[in-house]
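Undergrad: Here's a sequence, model it:
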Amino acid sequence: MATTGEFANWIATQPLYFEPSEGWRYSVSTDICGHLIEVMSRQPLDEYLSEHIFTPLGMEDTAFEVPENKASRLVTNYTDRRGDELSAIDHYSDSKYTKQVTHFSGGGGLVSTTKDYLAFCKMLLAEGQANGVRFIGPKTLDLMTSDHCNTIPRGGPLAGGENAHGFGLGFSMTKDIAASNALGSVGAYGWGGAAGTFFRVDPEEDLIYILMIQLMPYNHLQAREVFQNMVYQALVD
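TA: Prediction:
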C-alpha cells in the first residue's frame, strides 16, 4: 500500500479472525494505531514520532528511511534457507530503507541502532520519562504492560506459551517463570522483530537487555532464549 491510510482502509475490508472478545491473534493492530496517530495529530507518522519521541530522546539514527550519508552503515539482512551458507536478502546498496518511504508502518519499518533503542528502553524503565520530558504516564505504561489476554483464547503463529507469557498493548510480558522455560522475572516486558531483534525491560531487576541480529528465519538458532539465560545467569546481586 502506498500510504498508512490506504493500508488501514484495506484492512477495514478484511474479515476478522474472531468476534470481539472471543479470541486474540497477533496481527496488524499496531499498524492501525499508527494511522490513528496520524488522524488525531494531523501529522504523518514519521513526523509525529520524530517530533515527540525520537528528537527529545536523542535518537538521531531512528527513522523510516536511511539517508544517503548513512546508507553504508545499514546492516545487511540475511537468510540461510538454502542450507548453512548465508545469503543477503536486504543490502544497503539496494535496500527499500534507502529509498523514499510513504507507508509509515506503526507495527514495523523503523531503522535504528542499539544506542538509540537503549535510549527508548531507558525511558520505559524510568516509567515513561527521560531528559526532563514526560513521554507517557506511569499508569498508562502499567496498562500497556499488563496481560490483556488472560481470559481470551489465543491463536496464530505467535500465540504459544499462554501460561508463560501474556500480551498487552504492544508488549508481551512474562507471567510464569517456570512455564517460560527460561530465566527471567515476572513482569519483564518487551517484544521482538521479524529478523531476530529482541528486547526486554525488567523493572524488578532495573535491567534492560537488547539483542540485535539480522537473520530470517532465526528460530532455529534459539538465540533469544540463549541470550536471555546468559543475561540472568550474570546477575549475582
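Undergrad: From the rest of the structure, what touches stretch 134-145?
TA: 52-53, 56-57, 123-124, 127-129, 168-171, 173, 187, 189 (CB atoms under 8 Å, 6 or more residues apart in numbering). For every residue, glycine as well, the C-beta is placed using N, CA and C.
Undergrad: Now restrict those residues to buried residues only.
TA: Burial by neighbour count, 16 or more other CB atoms under 10 Å: within the contacts of stretch 134-145 this picks out 53, 56-57, 123-124, 127-128, 168, 171, 173, 189.
Undergrad: Just give me the closest of the residues you listed to F18.
TA: The shortest gap between F18 and any of the buried ones among the contacts of stretch 134-145 belongs to G168, at 17.9 Å (CB to CB).
Undergrad: What pairs with the worst-scoring helix or strand of the chain on mean pLDDT, parallel or antiparallel?
TA: Taking mean pLDDT, DSSP states H and E as the measure, the chain has strand 154-155 as its least confident helix or strand, at a mean of 74. Within its sheet, strand 154-155 is paired with strand 24-25 (parallel), according to DSSP bridges.
Undergrad: Skip ahead from the partner strand and say which helix or strand is next.
TA: Downstream of strand 24-25, the first helix or strand assigned by DSSP states H and E is helix 29-41.
Undergrad: tell me the average confidence for that next one?
TA: Average pLDDT, helix 29-41: 95.
Undergrad: Please enumerate the strands of this protein.
TA: 24-25, 77-79, 87-90, 129-130, 133-134, 154-155, 165-167, 172-174, 189-192, 198-202, 207-211 (DSSP state E).
Undergrad: Show me how far the second one is from its chain's centre.
TA: The gap between the average C-alpha position of strand 77-79 and the chain average comes to 19 Å, counting by CA atoms, centre = their mean, to the nearest Å.
Undergrad: what residues does that strand touch?
TA: By CB under 8 Å, 6+ apart, strand 77-79 touches 86-91, 195, 214-217.
Undergrad: Find the pair from the residues you listed with maximum spatial separation.
TA: Farthest pair in those (CB to CB) is H91 and P217. Separation: 18.5 Å.
Undergrad: can you tell me how far S41 sits from Q129?
TA: 21 Å (CB to CB, to the nearest Å).
Undergrad: Just the residues contacting the least confident helix or strand of the chain, thanks.
TA: With CB under 8 Å, 6+ apart as the contact definition, strand 154-155 has outside contacts at 17-18, 23-25, 162, 167.
Undergrad: circling back to that earlier point, of the strands of the chain, which approaches Y97 most closely?
TA: In terms of CB to CB, the element of the strands of the chain nearest to Y97 is strand 87-90, at 7.8 Å.
Undergrad: any low-confidence regions in the chain?
TA: When residues are selected by pLDDT under 70, those of the chain lie in 1, 82-83, 156-161.
Undergrad: Which residue ranges of it form helices?
TA: 4-11, 29-41, 45-49, 55-57, 114-125, 138-144, 177-180, 223-233 (DSSP state H).
Undergrad: T76 against Q214, yeah?
TA: Yes: the criterion here is CB atoms under 8 Å, and T76 meets it with Q214 at 6.5 Å.
Undergrad: shared neighbours of these two, which are they?
TA: By CB under 8 Å, 6+ apart, T76 and Q214 have these common neighbours: D90.
Undergrad: Which one of those two is surrounded by more residues?
TA: Q214 (18 against 13; other CB atoms under 10 Å).
Undergrad: roughly how far apart are the more buried one and Y97?
TA: From Q214 to Y97 the distance is 12 Å (CB to CB).
Undergrad: so what's G192 up against?
TA: 198-199, 224.
Undergrad: so which of those is the most crowded?
TA: Ranking these using other CB under 10 Å puts F199 first, with 21 neighbours.
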